[in-house]
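Undergrad: take a look and give me a structure for this.
(6 chains)
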Number of protein chains: 6
Amino acid sequence: MSFNLYKPFFLCASEKYEDSLIVLAGIPMDFTVSFKPGSRFAPAKIREVSIELEEYSIYQDKSLYDKTFCDMGDLELPFGNIERSIETIYQFACKLFEDKKVPIFLGGEHLISFPLIKAAANSNDGEFYVLHFDAHADMREEYLGEKFSHATVMRRVGEVIGFKSIYHFGIRSGSKEEIEFAKKNSNLYFVNKWGKIDDVIKNLKSKKVYLSIDIDVFDPAFAPGTGTPEPGGILSSDFFDILLKLKDLDIIGADIVEVAPYYDISDRTALLAAKIVRELILMMK
Amino acid sequence: MSFNLYKPFFLCASEKYEDSLIVLAGIPMDFTVSFKPGSRFAPAKIREVSIELEEYSIYQDKSLYDKTFCDMGDLELPFGNIERSIETIYQFACKLFEDKKVPIFLGGEHLISFPLIKAAANSNDGEFYVLHFDAHADMREEYLGEKFSHATVMRRVGEVIGFKSIYHFGIRSGSKEEIEFAKKNSNLYFVNKWGKIDDVIKNLKSKKVYLSIDIDVFDPAFAPGTGTPEPGGILSSDFFDILLKLKDLDIIGADIVEVAPYYDISDRTALLAAKIVRELILMMK
Amino acid sequence: MSFNLYKPFFLCASEKYEDSLIVLAGIPMDFTVSFKPGSRFAPAKIREVSIELEEYSIYQDKSLYDKTFCDMGDLELPFGNIERSIETIYQFACKLFEDKKVPIFLGGEHLISFPLIKAAANSNDGEFYVLHFDAHADMREEYLGEKFSHATVMRRVGEVIGFKSIYHFGIRSGSKEEIEFAKKNSNLYFVNKWGKIDDVIKNLKSKKVYLSIDIDVFDPAFAPGTGTPEPGGILSSDFFDILLKLKDLDIIGADIVEVAPYYDISDRTALLAAKIVRELILMMK
Amino acid sequence: MSFNLYKPFFLCASEKYEDSLIVLAGIPMDFTVSFKPGSRFAPAKIREVSIELEEYSIYQDKSLYDKTFCDMGDLELPFGNIERSIETIYQFACKLFEDKKVPIFLGGEHLISFPLIKAAANSNDGEFYVLHFDAHADMREEYLGEKFSHATVMRRVGEVIGFKSIYHFGIRSGSKEEIEFAKKNSNLYFVNKWGKIDDVIKNLKSKKVYLSIDIDVFDPAFAPGTGTPEPGGILSSDFFDILLKLKDLDIIGADIVEVAPYYDISDRTALLAAKIVRELILMMK
Amino acid sequence: MSFNLYKPFFLCASEKYEDSLIVLAGIPMDFTVSFKPGSRFAPAKIREVSIELEEYSIYQDKSLYDKTFCDMGDLELPFGNIERSIETIYQFACKLFEDKKVPIFLGGEHLISFPLIKAAANSNDGEFYVLHFDAHADMREEYLGEKFSHATVMRRVGEVIGFKSIYHFGIRSGSKEEIEFAKKNSNLYFVNKWGKIDDVIKNLKSKKVYLSIDIDVFDPAFAPGTGTPEPGGILSSDFFDILLKLKDLDIIGADIVEVAPYYDISDRTALLAAKIVRELILMMK
Amino acid sequence: MSFNLYKPFFLCASEKYEDSLIVLAGIPMDFTVSFKPGSRFAPAKIREVSIELEEYSIYQDKSLYDKTFCDMGDLELPFGNIERSIETIYQFACKLFEDKKVPIFLGGEHLISFPLIKAAANSNDGEFYVLHFDAHADMREEYLGEKFSHATVMRRVGEVIGFKSIYHFGIRSGSKEEIEFAKKNSNLYFVNKWGKIDDVIKNLKSKKVYLSIDIDVFDPAFAPGTGTPEPGGILSSDFFDILLKLKDLDIIGADIVEVAPYYDISDRTALLAAKIVRELILMMK
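TA: This next block holds a predicted model:
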C-alpha cells in the first residue's frame, strides 16, 4: 500500500539493522507480575514520549538525522524463567556485538545488565570497563536467597570482568556488607563524590567502556517513576553536564534501566530516559 | 536474526495484510496540541493494554487464534491540516474496502468517522446503515464556526448516506437545534431507550451496518479517560449484553473513538475499548 | 472597556441578582485546614467544569437560555468560627428567601444545610418538607463532642422543622443510635428502597420542598471526590431518572454538598454536581 | 504507661486471640517485586481505611461492638520462596481451624487461597464447599510454566476438595481450556448468571462453605485498584445484595484477595474490601 | 446586599481598573480541544492557588497590600479562530498600554506573547527589549506549516521589534535551524549560561523590558504541569534569585505562559506561577 | 502461636520501650476533618515506606541493627479537642523525657511541636535550643483568631523557652508582622542563608537541642505531599549534607511534621521523611 503507517519506534529510528551502527533494543524483563509489573513497559513508554523531543541536540550541536540507527523493538523472553531469560539476553547481545553494533538497551530491571555486560566483555578483547550510575551499589552476594537479582547484578558482573573494572557513581544506599565489599574491591563513589568523575574519565579516555544507568541515580523529584526511589540523588541538569563529558570514552554499549511507567504519572521519568538515549546516540561514533 | 522481537500490536494480531479479512488500524487524528493532545495516543494505549486480555472470549466461546486479522499500525496524517487529513483517511479506508477487508479503526477523535463512513458507503452498494453509540448526537450544522468537527460528524455523515440510515443510541447531550434536527431526520434514541435496540437489530438483521462507538457513551465511572465525559451513561456490563446482540448484523466496519489516555489514570478506559475490539473481531465473519 | 472579560460563573449565569428568580451561591464552609481542605473549593470547581455541559437538557427539553438565573459567587465567612459562620449563612439565606428567590447552594460541607433550611423554614409559612439524599443519615445527637457537625446536621434540622418533615433516601451508613432515632422519628429509606420515592413524591406533590443532596449518595465509582465515600451507592443514570420526577414538587431551594475536588482526579464528581445543578435550574419554576 | 497508643488494626478489632471466634489475618504474599508489588500492602491499606466505616451496619442491624473478633496482623512469610510460603500459610491456617476459629484472610494474591482452603478442608470433616467470586476462573492446569499461580489456584483447590464442590460466580475471562474444564468439572456461572446464586445458596443452606472473593469480580469502575481488572463486572450495590444472602450458609472461613493499593488512587477499592469484611464479620456466627 | 461575596481573583487584587497601575489579565488561548486542552484553564488555577501564598514577600520585604493592582478576569476570544484571536489580544493589550498600565498576562499558550509584545512595542517609543525565559527557543520560521504557533512566537516577535532586542535564557531544546538562526540574529543563552544574566541586566538597566516566562524553563521536577516538559531545566530556588535581580529593569509588561493544570496533579506548577506573579507585582513600580 | 506476625512498625524498630534509648511515636493530630485530613495518616505512611530503605546508612557508616530503639505506635488523642490534645501530648512527652528517652515524633501538624518542646524544656535544666527547619516562620501572634495553630507554634514555643533560643532555617514565607518579630526577637535565617548553619552548629556544639523539621522546608519538587507547599525550597541532597553536620549537637528530641500522604501520589515525601528519621536515629547517642 502507498499509505504510510506509523511505527512506534524511537524518534528518528530506522528499522534497518544492517545499515545501522547504533541499535536500540528493549529488554522488558521483569518477572514479577504478569501485568503492571514495573519496568516491563518502560521501552514502550520511552519510545512513546521520545517524539516530544527534538531530533537536534543543542547540547552537542548534532542531529539524529545525521545518524543511522535502528530500533529493533523488544526482545521476546521466556516469561518467568530467569535462567533462560538471562541466556537469551546474553545470546542476543553477543550477536549484536559480533555484528559490530553499538547497542543501547532499554530495560527492564537492572538484572539485564549482567548478560549484556558479559556479552560485551566476551566480544571485546583487552581492557574493558563498566561505568555504573545508580543509587544502589547492587553488589550483594545474594538477595532474598537469590544469586541473580537486581540487587546483586554488579557483583555478578564483577565476577566476570573483574571488580577493579567497575566504577560506581551516585551510590547512596546499600547493605553494610556490599558497601564494604565494593569499597575494597571495586571503585565506589558515594553520591557526594560526583566531582571525581573527571579523574575517572581522564583515566578511561579512549578506552572501551560499557555504561549502565539505573534511573534511580536521579533524585525522586526528577525520576519518580522507578521501583525503589532513594531521596538525595543527582539533579537532571547536573547529570547532563556529566553525561556530555563521557564523549571522550569509547562507549561500546549502554543500558538504561528501572524506569517504571506505572508510578510516573507525569511521564517525566520516561522523558528523562529518552533524552539520555538521544544524547548517547549523538555522542556515539 | 533468529531472536523474536516483540512488536507492539494488538493481542494476537498478525502483520499480514493480504491474509487477513479483518484489519485494525489506528487513526491518531487529534489536531489540537503537538503533544499530550487527548486521543492521539489512544491506538497505542489500546494495543498496550490488550495483552492483559485473554485471547479467548467466554462471552462468545471463540478465540482470536481462530481468526486471521492484522494490525496495520497507525496511519500517518498531515498533522494540523484537517482537510488533507480527512482526504488521506478517506483514501485509506477506500483502499481497505476495495480490498474487501472488514476494518476496525481506533481513533482518534470522532471526526475520523466521517471519511471512514463515506468510504464505507462508496464501497458498498445498496442499503447501508450506521449504528452510532455516543453520549452526544454530534449532529450540529457547525461547531465554533467549523463544518468539520467532532461535534458535527454525524451531520456530515447523514449528508452523505442519508439521515434515515443513522441510528443513535445513548444520547444524553446536545444543543436544542441538533437534537430537534436528529429527532426529525435521523433515528435518535435517548439514553434511557436502550431497550429499543432489539427492534433496530431486528430491522437491520443481515443488513450492512457500520458501527461507530464513541467511548463516552459509557458513564464516566466506566470510561473516565475521554475528552468530554457526560454523567448518566451506560454501564459496561449492560453494554456487553447489547454488543453481543449485534452479531446478527452484517458489520462491514467499525470505529471506536475518543479514548484519551492522559485522563485515564487506571487505564481502564483503554482496557474497555480493547475488550470491545476483541469482541468485535470475534463476532465478525 | 469594550472587551469582554470572562467571569468564572456557572454556565449561562448572569450576574443580575434583581432580575433573577433562581440564584446560585457558593457556601465554601469547611473549617478544617487553611488550605486543601476538602469541599471548600467545590463551588469554584463546579462552576469551572459546568462549561463542558450543554446549556440545553435533552432530559427536559429545556435550555438555560430560557431561564434568568444568576450566580452570586461565594459567600465570605468568618473562617474557623463555626457559630458566626452558621449565623452568616442563615442571615444570607433569609435575605434570599425574603427577596423571593429560589436558591441553589453549592457546598461546602453538609453542616451548611442547617442554617439554609432553618432560613427556608422561617421564610415559608405552612407545610414545608426536606428531601435528603445521602449515604449517611447525619442524625447524630452529637459527633466527637460537637452539636454542630456534618454528621449531626439533619438532627438539628429536625429540631427546627420537625422530624416528620424529613425524608432521607440512599442511606447506607450510620450509628445504631441515629438510625434507630431516624427510623422512629423521621422517614428513613434504606439505600435499596429508592422505589419508595414515587409514593413520597405523590404525597408531597405541589408542596414546598427543600432538597439537600450530599454527593456521597452516589457510589464512589461515580463520585470519588468526596470526603467520606461509602460503597454501595446509587448509579448516576438511576439518579437522573429520580431527579426528573421531582419536577412535580414545589422546590423552594436546594443544596448540593460535600464535593471535594482534591480527591476527584478526573473531575467527574464536580461534573456530576454541575449536571444536577443544570437540571435543577431547568425544573424550577 | 497510661497513655493509649493507637494500633493500626481493623475497625473495632481486639488483639485477644483466645477470646475471639472470628480472626482477621493478613497474608501479604506477592512474590513479584521487593517493593511496590501490588497486593502486598493490601492488608495494611484495608485496615487503614476501615476506620472510615461505621462499626454498625444498617444492612444487618448489627454492630461490631457486639462481636469479639481479633486482628492478628500480617503473617510473616519467607519472601520469594513460593513453596515454603504456601506451607507456612497452610500450617498457619491449620492452627486457626484447629483452634476452632472462623478466619477472614486479607490477601495478597489469589494463590494464597490454595493453602487456606486446603487447611479448611483438612480441618472440616464431611461436606465442604467453596464459593468463588472472581472475574477469572483461575482453573488453568499451569500458567507460564508454573503449577502454583494466581491463575491456577482453583484448579489446585479442586484437586484437593473435588471440583464438584466449587461454585464460581462472576466469571468473564479465561482461556478456552480452563473454561471448558470448569464447565465440565466444577460449577461455573458466567457473569450474567448471578441470578443462579439463589439456587446455590438454597442447596448449600447450613452447609460448610469457604468464601473466596477476588476483588476483580467487581467492575473496574468500582474496584480500579487490582492487578488484572476486567471490564463488565458486578456493581457494588448488587454485590451487597448478594453478600447478605450468604448468611444462610455456614461460612467457616473467607478470604478477600487481589486488592492492589498502588493502582487505587481514591482508596475506594480498599474501602470496598473493608466494608465487605465488616459485613462478613457481622454475618458470621 | 450587605454580604461579602468572594470573587475568585488573584490574591489581594482589586477589581478597580481605573485606580490600578498594575493589571492582571488571563489570556486563555489554547485552540486545541474544546475541553481539557492544556493551558486554557491556567489563569483560573493560578488565581485559585494564589490564596495559599502570603500577601507579604520576605524576598522583597514588600506587601501586596501596599500595591493597587487589579485582576480583570480572562479575555474572551473567538474560540478556534487564530487570526481574530491574535487581533483581539493585540487590541486589548494596546488599550492597556494606552491607559498607561503595567500588565501581567496569564497564559494560555506562548503564541499570545506575539500580539502582547507587538502592542508593547507599538505603545513604547524608543528602545525596547524582550527577556525570554524558556526551554525552547520558539524561533522557528514555521511549525507544521503554520506561521503562528507556540513554536514560532519569538521569530514573529523578532520580525516586529528586531531580533537583537531579544534575550533568550534557559534554552535547551530547538531545531538545528532555529538555534542557528537565534545564535546569529538574537541573543541566545544556552541553559548552562544563566550566569550571563548579570551582564544582560547591567546592560538593560533602567531600560524598558517586556518579560516573557514560559513555565517550562523550569525542570519538570518543579513544573510538571506543562505541555512540553524538557528535562534539565532551572531549579525554583535559583530562579527566584534571578528574578529578584530584574528589579533594576523597567519592566513594562510581562506574561507567564504554558501552565497546564491537567498535568499538574499537585498544583505545584500553578503555585510556582502564582508566586512569580506576586514577586513581579511587588517589583513593579 | 509460633508464627511470626508482622507488625507495621518503623524499619528495624523493636517494641521494647524499657530497653530503648531512642523512641519513635506518632502524634496524628490534625483536627480538621474526620477522614482524609492531611497529616493524620503520616506516621502510618512513614512507617510503611520505611521498609524500602536499607537499615544501613552509607552516609554515616552505621546500621539500625546497632541501635536499640522502639516504635510506640501513635498516641491516641481526644479528637477535635485542641486543648486536651495539647495537654495529652505534653504529658506524654514529659513521661518520655522523665524516662530519659530521646524521642523522635512523627506528626501530625506542626502545632504538636508546642507541647513537645515545652515538655523538652521542662525536663531539661539549663541551656536549651530549638533548631527549626521550615518554609514558614510560624511566628504569628494568632492565626484566624486562634492562638494555637500550625501558624503560631513557634511564637508559643518562644514564649516558653525564650525567643533567643530558636533558630529558624529555610524560611521563605510569612506575614510582615511575624517576620519582623522573628528578625527582632529570635534567629531567623532566610532561605538563601543556609550557609550560616555552620556558625550556628559551632555555637551550639554539644549543647542540648530539639530539632523541629517541617517537611515543607523542602521544595515542592522533593516534598509535594504537604498541606502548604512553598516553591523555592531546599534540595534533598543539600539537606542531607546539612543534616549530617548536626551530629555535633546534643539532640535531645526531634519531630518531623506536616507530611500529608493524600497529596503524595508517589509516596516520595513520606520516603524522604523516613530517610531523615533513619539518619536521626543513627546520629543520636
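
Undergrad: and the residue nearest to residue A:174 when sequence neighbours are not counted, its phi and psi?
TA: With Cβ to Cβ, 6 or more residues apart in numbering or on different chains as the criterion, residue A:174 has its nearest non-adjacent residue at 4.2 Å, and that residue is residue A:137. All C-beta spots, glycine's among them, are computed from the backbone N, C-alpha and C. Note on residue A:137: its backbone torsions stand at phi -70, psi -30 [degrees, to the nearest 10].

Undergrad: residue A:137 is in contact with residue A:188, isn't it?
TA: Yes. Using Cβ atoms under 8 Å, residue A:137 is in contact with residue A:188, at 6.4 Å.

Undergrad: mutual contacts of these two, please.
TA: Common neighbours of residue A:137 and residue A:188, using Cβ atoms under 8 Å, 6 or more residues apart in numbering or on different chains, are A:168, A:171, A:179, A:182.

Undergrad: the stretch 151-285 of chain A: strands as residue ranges?
TA: With DSSP state E, counting those that start in this stretch applied, the stretch 151-285 of chain A shows strands at A:166-171, A:187-190, A:208-214, A:250-257, listed in chain order.

Undergrad: thinking again about what came up before, could you work out the most separated pair of the shared contacts of residue A:137 and residue A:188?
TA: Largest separation among the shared contacts of residue A:137 and residue A:188 by Cβ to Cβ: A:168 and A:179, giving 10.0 Å.

Undergrad: and those two? Which one has more around it.
TA: Ranked by neighbour count (other Cβ atoms under 10 Å in any protein chain shown), residue A:168 and residue A:179 place residue A:168 first, with 25 against 21.

Undergrad: and the more buried one, how far from residue F:54?
TA: Separation of residue A:168 from residue F:54 (Cβ to Cβ, to the nearest Å): 15 Å.

Undergrad: now swap in residue A:151 and tell me
TA: 10 Å.

Undergrad: and if you look at residue A:65?
TA: In this view, residue A:65 and residue F:54 are 45 Å apart by Cβ to Cβ.

Undergrad: more neighbours, the two?
TA: The neighbour count for residue A:65 versus residue F:54, taken as other Cβ under 10 Å, is higher for residue F:54 (20 against 10).

Undergrad: what's the closest non-adjacent residue to that one?
TA: Residue F:54 sits nearest to residue A:173 (Cβ to Cβ, 6+ apart), 5.3 Å away.

Undergrad: bridging residues for that neighbour?
TA: Counting by DSSP bridges, residue A:173 is bridged to residue A:136.

Undergrad: thought it was touching residue A:230?
TA: Yes. The criterion here is Cβ under 8 Å, and residue A:173 meets it with residue A:230 at 4.9 Å.

Undergrad: between these two, which contacts overlap?
TA: Counting by Cβ under 8 Å, 6+ apart, the contacts common to residue A:173 and residue A:230 are A:135-136.

Undergrad: now the residue in the stretch 1-150 of chain A that chain E sits nearest to: how far from residue A:62?
TA: Closest to chain E within the stretch 1-150 of chain A is residue A:56: 4.3 Å, counting by Cβ to the nearest Cβ. For residue A:56, the distance to residue A:62 (Cβ to Cβ) stands at 7 Å.

Undergrad: those two: which has the busier surroundings?
TA: Remark: of residue A:56 and residue A:62, residue A:56 carries more neighbours, 23 against 18, as counted by other Cβ under 10 Å.

Undergrad: is it true that residue A:132 lies in a strand?
TA: Yes. According to DSSP: H, G, I helix; E, B strand; the rest coil, residue A:132 belongs to a strand.

Undergrad: may I see the buried residues of stretch A:243-253?
TA: Buried residues in stretch A:243-253, defined by neighbour count with 16 or more other Cβ atoms under 10 Å in any protein chain shown: A:243-244, A:246, A:249-253.

Undergrad: report the mean per-residue pLDDT for that stretch.
TA: Averaged over stretch A:243-253, pLDDT sits at 96.

Undergrad: give me the contacts around that stretch.
TA: For stretch A:243-253, contacts defined as Cβ under 8 Å, 6+ apart pick out A:59-60, A:93, A:97, A:102-105, A:116, A:120, A:124, A:128, A:131, A:197-198, A:201, A:204-211, A:276, A:279-280, A:283-285.

Undergrad: buried subset of the residues you listed?
TA: Using 16+ other Cβ under 10 Å, the buried members of the contacts of stretch A:243-253 are A:59, A:93, A:97, A:102-105, A:116, A:120, A:124, A:128, A:131, A:197, A:201, A:204, A:208-211, A:276, A:279-280, A:283-284.

Undergrad: ok, now how distant is residue A:103 from chain B?
TA: 13 Å (Cβ to the nearest Cβ, to the nearest Å).

Undergrad: ok and the residue in chain A nearest chain C?
TA: Ranked by Cβ to the nearest Cβ, the top residue of chain A for proximity to chain C is residue A:265, at 9.5 Å.

Undergrad: wait, isn't that residue in contact with residue B:263?
TA: No. Look at residue A:265 against residue B:263 with Cβ under 8 Å: they stay out of range, at 11.6 Å.

Undergrad: my read: residue A:123 touches residue A:95, true?
TA: No. The pair residue A:123 / residue A:95 is not scored as a contact, 9.6 Å apart, by Cβ under 8 Å.

Undergrad: comparing the two, which residue is more hemmed in?
TA: When neighbours are counted by other Cβ under 10 Å, residue A:123 and residue A:95 differ, and residue A:123 comes out ahead with 19 against 16.

Undergrad: in contact with the closest residue to the more buried one other than its chain neighbours, which residues?
TA: Using Cβ to Cβ, 6+ apart and skipping residues adjacent in sequence, the residue nearest residue A:123 is residue A:97, 3.3 Å away. Contacts for residue A:97 (Cβ under 8 Å, 6+ apart) come out as A:103, A:119-120, A:122-124, A:252-253.

Undergrad: if we can go back for a sec, who are the neighbours in contact with the residue nearest to residue A:174?
TA: Per Cβ under 8 Å, 6+ apart, neighbours of residue A:137: A:154, A:168, A:171, A:173-174, A:178-179, A:182, A:188.

Undergrad: and for residue A:88?
TA: Residues counted as contacts of residue A:88 (Cβ under 8 Å, 6+ apart) are A:75, A:77-78, B:3.

Undergrad: picking that back up, from the contacts of residue A:137, pick the one nearest residue F:164.
TA: residue A:173 (39.4 Å).

Undergrad: so what pLDDT did that closest one get?
TA: On pLDDT, residue A:173 comes in at 96.

Undergrad: just the one 5 residues further on next, same as before
TA: The score at residue A:178 is 96. That number is its pLDDT.

Undergrad: who touches it in this structure?
TA: Per Cβ under 8 Å, 6+ apart, neighbours of residue A:178: A:137-141, A:155.

Undergrad: at 10 Å instead, please
TA: By Cβ atoms under 10 Å, 6 or more residues apart in numbering or on different chains, the residues touching residue A:178 are A:136-141, A:143, A:151-152, A:154-155, A:171, A:188, F:54, F:56, F:58.
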